[in-house]
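Student: Quick check, what structure comes out for this input:
(2 chains)
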Amino acid sequence: MNSMRRSLAAPSRTPRTAVVIGRLLAIAFLLCFGTGIYSHFIQDPLPWMHFPTRPIFLYQVTQGIHITAGILCFPLLFAKLYAVFPELFRTPAIRSFPHFLERASIALFVASSLVQITIGLLNTYQWYALFPFPFRQTHYALSYVIIGSLAIHIAVKLPVINRYWRKADAQKQVVVDAAELEATPPEHRATGVTGKIFAWIDDTPQPKVGNSRRAFFATVGVAAATLLVTTAGQSFKLFDVTNIFGPRKNGIGPGGLPVNRTAAAAKVLTSANDVDWRLEVKNGDVVKSFTRADLAAMTQYTVELPIACVEGWSQMATWRGPRLKDLADSVGAASGNSIRAQSLEQNSSYARMEMGPEFVRDDLTLVALELNGQPLDIDHGYPARMIAPARPGVLQTKWLSSLEVIA
Amino acid sequence: MTNTVLTPVGTSSADPIVATPAQRRWQIGLIALGLLLLAIGGLVLLLDVDPQKYFGLVTWFAGALILHDGIIAMVVFGASVVMRKFGRRIHVPFAVIAILQGAIVVGAIIGGIVVPEILKKNIGTANPTLLPLAYGPHLVAFYVGLAVVTSLSIAVYYAVVARRRKA
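Tutor: Here you go, the predicted structure:
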């Protein structure tokens, strides 16, 4: 095993490399964690939580970062694992109970990281049939497991991280006198076929350390840059022109906007097209009913707001309709009231949505009737849908049927 | 003769790295934080995920370790040794091997991301705005582009070396 571990040592597999890649990976993990937690709590807020409504692209940017950093974790995680690969062959495999805990925590860290980024990617393809567990809850739970394991990993490796943090420290690493290797008693050296294989590998000349490390970082950099340029267009317009691998593309969809859940999937084709459709607005005993024509007769506002999906894609659009606060005021809502919106859609945990007063009172929050200058397409929520700044797409409730003012 | 060899990560036996007292305090704090987060993660799994799904999750964890540590890492290691060996035999410079290895790695990572996308598109999606692009042809075009850039990089390397030799 020691022979194998020694043979695995390559110039790019050094503590300094592990620290540099580890830093980048830790940043990517923490970005994913922070933006993921934000998305989780804006969907399931604790009672005391309030969320900023500006900048309007806040949710769009956080989830664009979440998905882009998540994709970049693939080259970074593989690079990190490559850099520390020889550690797999440590002998003795377990030296003590603390050492066993350390190795177990690393196994948990590696496995949960690999599973997390894989199911995250597959979620953007909506390929749920591949994993036999619920996506959202598992992804949320694993995020704590990963950041917890990361904290423990940093703790265990802290002296090594500290030593190789700065570039100048890289010079300190390398190096054990070859005498140590030569001192390996011949009887402990592998013989037979294994010995021949290791002799063959050991005979391979090492390239210069600097060249090898530069090549390693260049490869990781090119892989990461390629993924950024070819996929980030699903979230950031800057990269739209080079978006050839993103699971979503700006401009594709009814009204020039992608769709997550169609009217057919939500089983609203009949109810949403019903000529007797009304939007009911309630505040205790006060109930008002609005036809689509009634809503269109109210003061109309035009706003530019992104639709930003929890899956990370987003696109800016122009929406037109009455302000939500005007509808809430029509039934005497107080400034501190929230609202509960009900959709016509069936079999969805998002059919009912609650919105805090910071969004209800915002001038940009509309009950939209039009998208990009056209009446809403049925897949975008005809006859009326919610649109508010800095909110996830799943909370921009489509096919509205009622609004209820709540405390 | 003072031959030196590279040491694998964190194993400089000649000069062991020991935590200072200040680092020790940070370590304790980080481990406590880590255990707290692990507990929260475990609690969420217990409360929000149906226990019948645990087996599937464990299978995925084990599968990830076997696939990465047992297969991918071994193949990468084997391939890099063979390329280094083969390169020496036919006198290919390290830079050329590095460019080729880099191109293969970039191609493999992009393939790993895009091939599932192609498969899922072929199976079918919930609506036409999900996976709307021609990912198969795009991937082929990308590989052609990668091959061209790789060839050009190698050509530039040889041209630079030739010019240096003349100078």
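
Student: And the residue nearest to A:Ile307 when sequence neighbours are not counted, how close does it get to A:Thr226?
Tutor: Closest residue to A:Ile307 apart from its sequence neighbours, by C-beta to C-beta, 6 or more residues apart in numbering or on different chains: A:Gly393 at 5.3 Å. Quick note: C-beta positions are derived from backbone N, CA and C, even for glycine. Distance from A:Gly393 to A:Thr226, counting by C-beta to C-beta, to the nearest Å: 27 Å.

Student: For the two, work out which one has more neighbours and name it.
Tutor: Looking at A:Gly393 and A:Thr226 with other C-beta atoms under 10 Å in any protein chain shown, you find the greater number of neighbours at A:Gly393, namely 23 against 20.

Student: what sits against the more buried one?
Tutor: A:Gly393 makes contact with A:260, A:307-310, A:314 under the criterion C-beta atoms under 8 Å, 6 or more residues apart in numbering or on different chains.

Student: Quick one: those as CSV, columns for pLDDT, secondary structure and neighbour count too.
Tutor: Listed next are the contacts of A:Gly393 as CSV, based on pLDDT from 0 to 100; DSSP: H, G, I helix; E, B strand; the rest coil; neighbours: other C-beta atoms under 10 Å in any protein chain shown:
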residue, pLDDT, secondary structure, neighbour count
A:Asn260, 91, coil, 22
A:Ile307, 92, strand, 25
A:Ala308, 92, strand, 27
A:Cys309, 90, coil, 24
A:Val310, 87, coil, 22
A:Ser314, 91, strand, 26
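
Student: Report the contact partners of residue 33.
Tutor: Assuming you mean chain A. Taking C-beta under 8 Å, 6+ apart, one finds A:143, A:146-147 in contact with A:Phe33.

Student: you looked at the wrong chain, it should be chain B
Tutor: Contact analysis of B:Leu33 by C-beta under 8 Å, 6+ apart lists A:148, A:151.

Student: 6 Å instead, please
Tutor: In this structure, B:Leu33 makes contact with A:Ala151, judged by C-beta atoms under 6 Å, 6 or more residues apart in numbering or on different chains.

Student: average pLDDT across the helix or strand where it lies?
Tutor: Applying DSSP states H and E as the criterion places B:Leu33 in helix B:21-48. Rounded to a whole number, the mean pLDDT of helix B:21-48 is 94.

Student: domains in chain A, as residue ranges please.
Tutor: Taking automatic domain parsing as the domain assignment, the ranges for chain A are A:2-242, A:258-406.

Student: lowest-confidence stretch among the ones you listed?
Tutor: Out of the domains of chain A, domain A:2-242 stands lowest, with a mean of 84 (criterion: mean pLDDT).

Student: Where do the strands of the stretch 301-407 of chain A begin and end?
Tutor: Secondary structure of the stretch 301-407 of chain A, counting by DSSP state E, counting those that start in this stretch: strands at A:301-308, A:314-321, A:338-343, A:352-355, A:366-368, A:370-371, A:374-375, A:385-387, A:400-406.

Student: Which residue ranges of chain B form helices?
Tutor: Taking DSSP state H as the criterion, chain B carries its helices at B:21-48, B:54-65, B:73-89, B:94-123, B:135-166.

Student: Buried residues in the third one, which are they?
Tutor: Buried positions in helix B:73-89, judged by neighbour count with 16 or more other C-beta atoms under 10 Å in any protein chain shown: B:73, B:76-77, B:80-81, B:83-84, B:87.

Student: Could I get the full set of strands for the stretch 51-200 of chain A?
Tutor: Counting by DSSP E, counting those that start in this stretch, one finds strands in the stretch 51-200 of chain A at the ranges A:175-177.

Student: Run through the residues of it sitting next to chain B.
Tutor: Where proximity means C-beta under 6 Å from any C-beta of the partner chain, the interface of the stretch 51-200 of chain A facing chain B comprises A:75, A:84-88, A:111, A:114-115, A:125-127, A:132-133, A:137, A:141, A:144-145, A:147-148, A:151-152, A:154-155, A:158-160, A:163, A:174-176, A:178.

Student: Show the buried residues in those.
Tutor: For those, a neighbour count by 16+ other C-beta under 10 Å gives the buried set as A:75, A:84-88, A:111, A:114-115, A:125-127, A:133, A:137, A:141, A:144-145, A:147-148, A:151-152, A:154-155, A:158-160, A:163, A:174-176.

Student: Helices - which of these land there?
Tutor: In this view, these that belong to helices under DSSP H are A:75, A:111, A:114-115, A:137, A:141, A:144-145, A:147-148, A:151-152, A:154-155, A:158-160, A:163.

Student: how close does A:Ile244 sit to A:Gly381?
Tutor: With distances defined as C-beta to C-beta, the gap from A:Ile244 to A:Gly381 amounts to 30 Å.

Student: swap in A:Lys325?
Tutor: As judged by C-beta to C-beta, A:Lys325 and A:Gly381 stand 19 Å apart.

Student: quick one: which of the two has more around it?
Tutor: Relative neighbour count places A:Gly381 above the other of A:Lys325 and A:Gly381, with 29 against 20, counting by other C-beta under 10 Å.

Student: can you pull the contacts of that one?
Tutor: Residues counted as contacts of A:Gly381 (C-beta under 6 Å, 6+ apart) are A:398-399.

Student: one more time with 10 Å, if that's ok
Tutor: With contacts taken as C-beta atoms under 10 Å, 6 or more residues apart in numbering or on different chains, A:Gly381 has the following neighbours: A:259, A:261, A:263, A:266, A:268, A:272, A:343-345, A:367-369, A:371, A:387, A:396-400.

Student: Would you map the helices across the stretch 151-300 of chain A?
Tutor: Ranges of helices within the stretch 151-300 of chain A are A:178-182, A:192-202, A:209-231, A:269-273, A:292-297, based on DSSP state H, counting those that start in this stretch.

Student: The fourth one packs against which elements?
Tutor: For helix A:269-273, the helices and strands in contact under the criterion 3 or more C-beta pairs under 10 Å, 6 or more residues apart in numbering or on different chains; DSSP states H and E are strand A:400-406.
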